[in-house]
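1. how does the following fold in three dimensions:
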Amino acid sequence: MPIKIPNQLPAKEILVKENIFVMDENRALKQDIRAIRIAVLNLMPTKIATEIQLLRLLGNTALQVEPVLVRMDSHESKNTPKEHLMTFYKTFDEIRNDKFDGLIITGAPVEHLPFEEVDYWEELEEVFSWAYTNVFAHFYICWAAQAAMYHQFRIPKYQLPVKKFGTFPHRVIKQNVKLLRGFDDIFYAPHSRHTEIRREDITNEPNLEILVESSDAGIYIVSTTDGRQLFVTGHTEYDSMTLKKEYDRDIAAKLPIQIPVNYYPDNDPAQTPIVLWRSHANLLFANWINYYVYQETPYDLDQISQNTNPVPLSYDGRYL
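-> Okay, the predicted model is just below:
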């Protein structure tokens, strides 16, 4: 089955060339089926590139998926044309009364700031709270994973002495989890971040469990015990050249940056990068959509609030 996207979205042409089954709005209207609705809150500055990366993975399943692109109204994007945002994105205010099968929130280049100093933090906290009763399954990526755990459980983030940058090996530490079906014992995933969360903070929170970690990159996938919320600290959505673009950008700006680990053949930036994570990325998203969204979400989305137990938090993050 296809991914349903707006007729004129730039990503459509690229995805079609990659043989991703894309259905435009006109054709979708003729099908008697309820597509899986996934809200995608895109916090990345390179929004169009991130759209393509995520839509590529969402379109690689046997289910019809309808992504709804969302942006922060309290933040002005400087790297994406305003016309693109106005045409293809909705603000949070425009969707706050809607229900969704799933929610994906991307990373954001604001790690150097305390959460409360991010200019859209107050609005983002509204999104997190709204999602408890309006969205069934939540998928948080990189900084958004750290932000969501901080908002709900007061899990802190810590500054790294050196940027965690490259493609790192990971191992499954919790067996018989549907999300991880088909995973190899050791698999690779990209990371690009200046901060981390720590094992001891997660293990001290009874409502969280660690699913995957790396001896090199630390905690990778964390889940709430009911499986409704996933926190992924890496970037499985990255395409083959994303780390290269980040590396070249920082070199051009004369910023301190190391060559990304396990990325260039012979550690030589003059060579074409090697992709070690594509199969894992497709499997991760396919398992999430199938086992955590499609098979669990009520057919009538209005029933989501009846199946959700919001977690009220005091200021220090403990349950009231």
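
2. which ones are touching N42?
-> Contacts of N42 were listed using C-beta atoms under 8 Å, 6 or more residues apart in numbering, and they are T50, E51, L54, L69, V70, R71, Y89, T106. (C-beta placed from N, C-alpha, C; glycine too.)

3. and which of the residues you listed is nearest F128?
-> Nearest to F128 out of these is V70 (C-beta to C-beta; 13.2 Å).

4. correct me if wrong: the closest one contacts D93.
-> No: V70 is not in contact with D93 according to C-beta atoms under 8 Å; the separation is 10.2 Å.

5. looking at those two, which is more packed in?
-> Higher neighbour count among V70 and D93: V70, with 22 against 10, using other C-beta atoms under 10 Å.

6. can you tell me how far that one is from H84?
-> Counting by C-beta to C-beta, to the nearest Å, the separation of V70 from H84 is 14 Å.

7. and what of R34?
-> 28 Å.

8. ok, those two, which is more surrounded?
-> Here R34 and H84 are compared on neighbour count by other C-beta under 10 Å; more neighbours surround H84, at 17 against 12.

9. now do E213, the pLDDT please.
-> pLDDT, E213: 97.

10. point me to the helix or strand that includes it.
-> E213 is part of strand 208-214, with elements assigned from DSSP states H and E.

11. now do A137
-> With DSSP H and E as criterion, A137 is part of strand 135-141.

12. any idea how far that strand is from the middle of the chain?
-> Here strand 135-141 shows a centroid-to-chain-centroid distance of 8 Å under the convention C-alpha atoms, centre = their mean, to the nearest Å.

13. strand 135-141 and the helix or strand hosting R56, what's the angle between them?
-> R56 belongs to helix 47-58 when assigned by DSSP H and E. On the basis of axes from the mean of the first three to the mean of the last three C-alpha atoms, to 10 degrees, helix 47-58 is oriented at 120 degrees to strand 135-141.

14. packing partners for helix 47-58?
-> strand 3-5, helix 11-17, strand 36-41, strand 65-71, helix 82-88, helix 278-287 (3 or more C-beta pairs under 8 Å, 6 or more residues apart in numbering; DSSP states H and E).

15. most tightly packed of these?
-> Mean neighbour count (mean count of other C-beta atoms under 10 Å) peaks for strand 3-5 among those, with a mean of 25.

16. can you show me the helices along the stretch 151-300 of the chain?
-> 199-203, 242-252, 278-287 (DSSP state H, counting those that start in this stretch).

17. which secondary structure elements does the second one contact?
-> Packed against helix 242-252 by the contact rule (3+ C-beta pairs under 8 Å, 6+ apart) you find strand 158-172, strand 186-196.

18. what residues are up against R71?
-> L41, N42, K47, S77, L85, Y89, K90, T91.

19. distance to A270 and pLDDT added to those residues, as a markdown table?
-> Listed next are the contacts of R71 as a markdown table, based on distance: C-beta to C-beta, whole Å; pLDDT from 0 to 100:
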| residue | distance to A270 | pLDDT |
| --- | --- | --- |
| L41 | 37 | 97 |
| N42 | 32 | 96 |
| K47 | 30 | 92 |
| S77 | 33 | 77 |
| L85 | 36 | 85 |
| Y89 | 38 | 93 |
| K90 | 43 | 94 |
| T91 | 43 | 94 |
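
20. which one of those is nearest to N134?
-> Closest approach to N134 among the contacts of R71 (C-beta to C-beta): L41, at 12.6 Å.

21. the closest one is in contact with G102, isn't it?
-> No: using C-beta under 8 Å, L41 is not in contact with G102; the gap is 11.4 Å.

22. in the chain, what helix or strand scores lowest on average pLDDT?
-> The helix or strand of the chain with the poorest confidence is helix 25-28; it has a mean of 51 (mean pLDDT, DSSP states H and E).

23. so how far is P256 from N287?
-> On the measure of C-beta to C-beta, N287 and P256 end up 37 Å apart.

24. so where is the stretch 101-250 of the chain shaky, pLDDT-wise?
-> Counting by pLDDT under 70, the stretch 101-250 of the chain contains no low-confidence range.

25. and the residue nearest to the spatial centre of the chain, what is it in contact with?
-> Of all residues in the chain, the one closest to the mean position by C-alpha atoms, centre = their mean is I141, 3.4 Å from it. By C-beta under 8 Å, 6+ apart, the contact list for I141 reads I104, I105, T106, G107, V232, H235, E237.

26. now with 6 Å?
-> I141 is in contact with T106, G107, V232, counting by C-beta atoms under 6 Å, 6 or more residues apart in numbering.

27. neighbours of the first one, how many?
-> Going back to what we said before, that points to T106. 22.

28. does it touch M44 like I think?
-> Yes: at 5.1 Å, T106 counts as touching M44 under the criterion of C-beta atoms under 6 Å.

29. this completes my enquiry, with thanks.
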